[in-house]
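Trainee: Build me a model:
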Amino acid sequence: GAYFMCAECGLTKSLILAKHYSEKSLEEDEESKDLVPFSACNFSCALLDLDEVRYEGVMEIPGHSPIPKALFWARKSLELANDSFPMRDNAIHVISDCEEAKRHCANCMKENECASFKRCVRCLGAWYCGKECQVQHWKAGHKIDCIKRK
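Mentor: Take a look at the predicted model:
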């Protein structure tokens, strides 16, 4: 996946193939725990980059948001990696980019003027100003995006 993201080894840059092969790599790397942090970080970066191109930087389209999955896999890469993990900065950057979304409600886009926004407890990747917005956002498509933390 990383080769397609960076157009290395004579390959053409393709974010779709980068996402596909990073995800496949995650499935295969379950047995080899050493490679999971790399695959997880590559997958989270590919998700965000692909979304940036597909939806012109709009990350919070219900049913198409990469934020929950990208956050999950970036956190997983940091959790499984040691301190000398070379992609640590990439994973931290993905997390900080995704957590920019907490500045406004994921449903009504109301700005967060105080620290009272609530998080989706399932994926920790969406923030809401109230229960009504959370229910509306779930029905609008967050149930597709939401990834259960393991």
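Trainee: make it CA atoms for all contacts and neighbour counts henceforth
Mentor: Fine.
Trainee: in this structure, which spans are strands?
Mentor: Read by DSSP state E, the chain holds these strands, from start to end of the chain: 118-119, 127-128.
Trainee: Contacts only, for S116.
Mentor: The contact partners of S116, by Cα atoms under 8 Å, 6 or more residues apart in numbering, come to C129.
Trainee: Where does the prediction get shaky in this protein?
Mentor: 1-3, 6-8, 29-35, 115, 149-150 (pLDDT under 70).
Trainee: Which strands or helices does the longest helix along it pack on?
Mentor: When the chain is parsed with DSSP state H, its longest helix is helix 36-54. When contacts are defined as 3 or more Cα pairs under 8 Å, 6 or more residues apart in numbering; DSSP states H and E, helix 36-54 packs onto helix 15-28, helix 67-80, helix 88-98.
Trainee: who wins for proximity to A18 among the strands of the chain?
Mentor: A18 sits nearest to strand 127-128 of all these, at 28.4 Å, using Cα to Cα.
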